[in-house]
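*Asks:* With the sequence up front, the predicted model follows.
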Amino acid sequence: MAKVLMKGNEAIGEAAIRAGCKNYFAYPITPQSEVAEYLAKRMPEVDGVFLQGESEVAVGYMIFGAAACGERVMTTSSSPGVSLMSEAISYIAGARCPAVFVNIMRGGPGLGGILPSQADYFQATKGGGHGDYRLLVMAPEGVQEAVDMTMKAFDLAEKYRGPVMIMGDGLIGQMMEPVEFPEDFTPTPMNNDDWATSGMATRGTDKRNLVKSLFLDPKQLNDHNLLLKAGYDRMRQEEVRYEGYNTDAEYKLLIVSYGTMSRVCKTAIDTMKEEGLEIGMVRPQTLFPFPEQAIHDAAAKESCSHVVSIELSMGQMVEDVDRCVKGQRPVTWYGECGGDIPTPEEIIDHVKSLLKN
Amino acid sequence: MGKIELKGIVIIVGNYGSGKTETAVNLAFHRKAAGVDVRMADLDLVNPYFRTREARHILFEKGIQVVLPEEKYMNADLPILAPQVAGLIRNPAELTILDAGGDDTGTTVLAALADSFVGRDVNLIQVVNPLRPFTETVEGCMRIQEEIEASSKLKVTGLVSNANLIDETTPDIIYKGYELIQELSHQAGIRVEFITAHEKLLPGLDLSRFDTPVLPILRQLVPPWKKQGL
């Protein structure tokens, strides 16, 4: 298929359809409402359903219900909406149902603002809802990657039988870029007969399936949590994704940055390279599992004297970066969290000031 | 190809993401450079980012007056229409450009301004980028045109082809966009005002293929890692 020009929000909607998702439930919120606008038009064309819930709380449980039936299902929201869905996300993780959540982040806390943010990093990677669960979290840097990750998210949700989240800052949703969808992609949903409540007649069996997150017996609950943990450990082995940028050079400083913030960093790195100053970057594409080893090793490079985590939050990912660097180099934070995105020039000034000290 | 000679009140409409604001801002620069007195208003009440207000500083620098919502509401997702807009329509400049929001939802605001338009010559210009969803075909463009006319209570009077894939635009994309807009013009009985092409592409284009003027574009609405005005 030839390239088309799409907003990130539209492209995420189209990617879900291409991945075989015919169930989309959502509640509008800036800056992600175009996903709902787009899928309201597109879902009927593919015999799919878009249903607007009365709130994000309701949407969370619509997702749970459809996922429990073994259907490919997605919702999209923005920060405050994802907070409202967090209870359902915990239930979905506990009940081991595959589902795709998209968070096109805006400023917070509370109502915050409608401009881009990455301040839901903790919420996505460390919890949000209650209990011992993890979300597999992917963070695209542009519209094409948002498409690729959304399509991949459905497979991963089924591979691990749990919720997967796409984290994009508001700009990912709002900006337009040329994008291409794979031509010969045929979604192959997994066989979920052994667990989904898809109807005994449909499955041609007399075995009942039960989807639940309630385990009153302590041993059963512990075993259940061990099973979940085994899945998260497997993610750490098999699903870590990241991009190294200018990491072959003898860089003086290492940046860790993700999403559209990393695009600004790339421009800054290119400019500094032209001036003869080498700066490297590791861009996590998965926020959980986190590219721990890659960051550890990149920080260890002899030429590198400092590591800086650049993010649209007041210093969240920097805690993970610090954990990975393990004291080899000083680790600091730089960023903004009001809606403005630092410019390449501001990043260059900051990097130079770090190297001067 | 002739010259762009749009005057009076020009309202830029089109489907969501067709490039209305980029077209509107570049049209303002182009006419201003030709010595025309230009004023603009940001009527986009539906889009949260990448609106005329994002280009306000460069518009001000070039001496183009822009009517915007109050600064404190600039980043609110509320449908705020600055009261000065009605005044701008009643006392228009030589060229007054109103940049509306996308789709029929974005042009509903025009119906609210209907009283101000009475007795005035209004150019309602539909911008088309065939590389955007839902406007790849003449039928798709006609559908959006009908929806916009129904919600704005105005008739589309002119067409603009803004065929582009941003940095990946080729001459072929512009030629195909031209063919589509000509076909749309033929079927809808509406004239083509101009087509757009990025300045960098102009030397590689066979301009003799066009019966319409070409508006050169420099991108003013860019993400923060790109330079404005290139």
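*Replies:* Right, received. Where do you want to start? Everything numeric in this text was worked out from a predicted model, so none of it was measured.

*Asks:* residue ranges for the strands of the chain, please.
*Replies:* With no chain named, the answer covers chain A. A:4-7, A:23-26, A:49-52, A:73-77, A:99-105, A:136-138, A:163-169, A:176-179, A:242-245, A:253-256, A:279-284, A:286-288, A:306-311, A:331-335 (DSSP state E).

*Asks:* That was the other one, I meant chain B.
*Replies:* B:8-14, B:38-43, B:65-67, B:95-100, B:122-128, B:158-161, B:191-198, B:214-217.

*Asks:* how far off strand B:191-198 does the fifth one point, in degrees?
*Replies:* Comparing the axes of strand B:122-128 and strand B:191-198 via axes from the mean of the first three to the mean of the last three CA atoms, to 10 degrees yields an angle of 50 degrees.

*Asks:* Wait, B:Pro69 touches B:Asp42, no?
*Replies:* Yes. Using CB atoms under 8 Å, B:Pro69 is in contact with B:Asp42, at 7.4 Å. All C-beta spots, glycine's among them, are computed from the backbone N, C-alpha and C.

*Asks:* ok, those two, which is more surrounded?
*Replies:* Set side by side, B:Pro69 and B:Asp42 show more neighbours around B:Asp42, with 28 against 21, by other CB atoms under 10 Å in any protein chain shown.

*Asks:* Not counting its neighbours along the chain, what's nearest that one?
*Replies:* Take B:Asp42 and drop its neighbours on the chain: the residue closest to it by CB to CB, 6 or more residues apart in numbering or on different chains is B:Thr52, 3.9 Å away.

*Asks:* and that neighbour, how many neighbours does it have?
*Replies:* For B:Thr52, the neighbour count with other CB under 10 Å is 28.

*Asks:* Kindly report the same for the one 10 residues further on.
*Replies:* Taking other CB under 10 Å as the criterion, the count of residues near B:Lys62 is 13.

*Asks:* just checking, it touches B:Phe29?
*Replies:* Yes. Using CB under 8 Å, B:Lys62 is in contact with B:Phe29, at 6.2 Å.

*Asks:* Determine the longest helix present in chain B.
*Replies:* helix B:171-188 (DSSP state H).

*Asks:* Now do A:Cys97 against chain B, distance only.
*Replies:* The gap separating A:Cys97 from chain B is 31 Å, by CB to the nearest CB, to the nearest Å.

*Asks:* Quick check, that residue in contact with A:Lys212.
*Replies:* No. Judged on CB under 8 Å, A:Cys97 makes no contact with A:Lys212 at a distance of 10.5 Å.

*Asks:* Could you report the pLDDT at the residue lying farthest from the centre of chain B?
*Replies:* Taking CA atoms, centre = their mean, the residue of chain B most remote from its mean C-alpha position is B:Lys72, at 25.5 Å. On pLDDT, B:Lys72 comes in at 83.

*Asks:* which neighbours do B:Pro69 and B:Asp42 share?
*Replies:* Residues touching both B:Pro69 and B:Asp42 (CB atoms under 8 Å, 6 or more residues apart in numbering or on different chains) are B:Arg53.

*Asks:* Measure how buried the residue lying closest to A:Arg134 once chain neighbours are set aside is and give me the count.
*Replies:* Spatially, and ignoring its direct neighbours in sequence, A:Arg134 is nearest to A:Tyr232 (4.6 Å; CB to CB, 6+ apart). Number of residues near A:Tyr232 (other CB under 10 Å) recorded here: 19.

*Asks:* Might you report the residue contacts of B:Lys176?
*Replies:* With contact taken as CB under 8 Å, 6+ apart, B:Lys176 is in contact with B:Pro130, B:Ala163.

*Asks:* give me the number of residues near the residue nearest to A:Thr125 when sequence neighbours are not counted?
*Replies:* Leaving aside its sequence neighbours, A:Thr125 sits nearest to A:Phe288 (CB to CB, 6+ apart; 4.5 Å). Neighbours of A:Phe288 under the rule other CB under 10 Å: 22.

*Asks:* What score does A:Phe288 have for pLDDT?
*Replies:* The model reports A:Phe288 with a pLDDT of 98.

*Asks:* Quick one: neighbours of A:Ala40, just the number.
*Replies:* A:Ala40 has 15 neighbours, counted by other CB under 10 Å.

*Asks:* quick one: the helices in the stretch 151-300 of chain A?
*Replies:* Counting by DSSP state H, counting those that start in this stretch, the segments of the stretch 151-300 of chain A that form helices are A:170-174, A:200-203, A:218-238, A:259-274, A:292-300.

*Asks:* which residues are in contact with stretch B:112-119?
*Replies:* Applying CB under 8 Å, 6+ apart, the contact partners of stretch B:112-119 are B:Ile9, B:Leu81, B:Val85, B:Ala86, B:Ile89, B:Arg90, B:Leu110, B:Lys153, B:Leu154.

*Asks:* Centre of chain A to the edge, which residue is at the far end?
*Replies:* Max radial position in chain A (CA atoms, centre = their mean) goes to A:Asp206, at 38.4 Å.

*Asks:* and it, what does it touch?
*Replies:* Contacts of A:Asp206 by CB under 8 Å, 6+ apart are A:Met200.

*Asks:* So it versus B:Ala76, what's the distance?
*Replies:* Separation of A:Asp206 from B:Ala76 (CB to CB, to the nearest Å): 58 Å.

*Asks:* cool, A:Met74 as well?
*Replies:* For A:Met74, the distance to B:Ala76 - CB to CB - is 28 Å.

*Asks:* which one of the two has more residues nearby?
*Replies:* Comparing A:Met74 with B:Ala76 by other CB under 10 Å, the one with more neighbours is A:Met74, at 31 against 14.

*Asks:* Quick check: the residue lying closest to that one once chain neighbours are set aside vs A:Ala299, distance?
*Replies:* Spatial nearest neighbour of A:Met74, chain neighbours left out: A:Val100 (4.2 Å); criterion: CB to CB, 6+ apart. Distance, A:Val100 to A:Ala299, using CB to CB: 33 Å.

*Asks:* Looking at the two, which is more packed in?
*Replies:* Comparing A:Val100 with A:Ala299 by other CB under 10 Å, the one with more neighbours is A:Val100, at 29 against 24.

*Asks:* Chain B contacts on the stretch 201-350 of chain A?
*Replies:* Residues of the stretch 201-350 of chain A found near chain B (CB under 8 Å from any CB of the partner chain) are A:Thr260, A:Arg263, A:Val264, A:Lys266, A:Thr267, A:Gly339, A:Ile341, A:Pro342, A:Thr343, A:Pro344.

*Asks:* Reformat the residues you listed as CSV; add neighbour count.
*Replies:* Output for those, formatted as CSV (neighbours: other CB atoms under 10 Å in any protein chain shown):
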residue, neighbour count
A:Thr260, 27
A:Arg263, 22
A:Val264, 24
A:Lys266, 19
A:Thr267, 19
A:Gly339, 17
A:Ile341, 22
A:Pro342, 20
A:Thr343, 14
A:Pro344, 21
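
*Asks:* Among those residues, find me the one that's closest to B:Thr169.
*Replies:* A:Arg263 (19.9 Å; CB to CB).

*Asks:* Distance check, the closest residue to the closest one other than its chain neighbours against A:Ala36.
*Replies:* Among residues not flanking A:Arg263 along the chain, B:Trp225 sits closest, at 4.4 Å (CB to CB, 6+ apart). As for B:Trp225, its distance to A:Ala36 is 28 Å (criterion: CB to CB).
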